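Student: model the structure of this input:
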Amino acid sequence: MKAWAESCNVNQDDIVFLADWNGSFVKQQGLNVDLGAANLGERSKRFSMLIDNGNIVSKHVEVSPGDFEETSAEKLLAELDDSNTSNNDSDSENNN
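Tutor: Numbers count the residues shown, from 1 in each chain. As a prediction, this is how the structure comes out:
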């Protein structure tokens with residue numbers, strides 16, 4: 001995870017890179033899938049999450065393993081942008 005974080009060239013104070021080494025988080029979220037029939041064992045579905053201070057704000061899960069629409073970086077970035085816009089709007093309202 002450290003190497004991945006470093007390769008992303010982001011401020012690691014802003015983004016926390018976590019590993020689910022035993023799949024417990026994936027199982028708790030119902031995102032596990034048994035691919036034993038293909039000799040792949042237990043895996044996770046393709047998913048993305050927006051997590052703020054430990055709270056899951058949104059969760060996106062692909063229907064098919066080959067899909068890459070719900071979990072795309074573009075979709076998550078747009079959601080972050082929308083979230084920041086609405087937070088800035090509510091901040092402005094609170095400051096008036």
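
Student: I figured residue 56 hits residue 31, correct?
Tutor: No. Using CB atoms under 8 Å as the test, residue 56 is too far from residue 31 to be in contact (11.5 Å). For every residue, glycine as well, the C-beta is placed using N, CA and C.

Student: quick one, which of those two is more surrounded?
Tutor: Shown here are residue 56 and residue 31; by other CB atoms under 10 Å, residue 31 has more neighbours (18 against 10).

Student: which residues touch that one?
Tutor: Taking CB atoms under 8 Å, 6 or more residues apart in numbering, we find residue 31 in contact with 44, 45, 47, 61.

Student: quick one: residue 28 and residue 82, what's the gap?
Tutor: Distance of residue 28 to residue 82, given as CB to CB, to the nearest Å: 27 Å.

Student: scratch that, residue 67 is what I was asking about
Tutor: 22 Å.

Student: got it, and residue 21?
Tutor: Distance from residue 21 to residue 82, by CB to CB: 32 Å.
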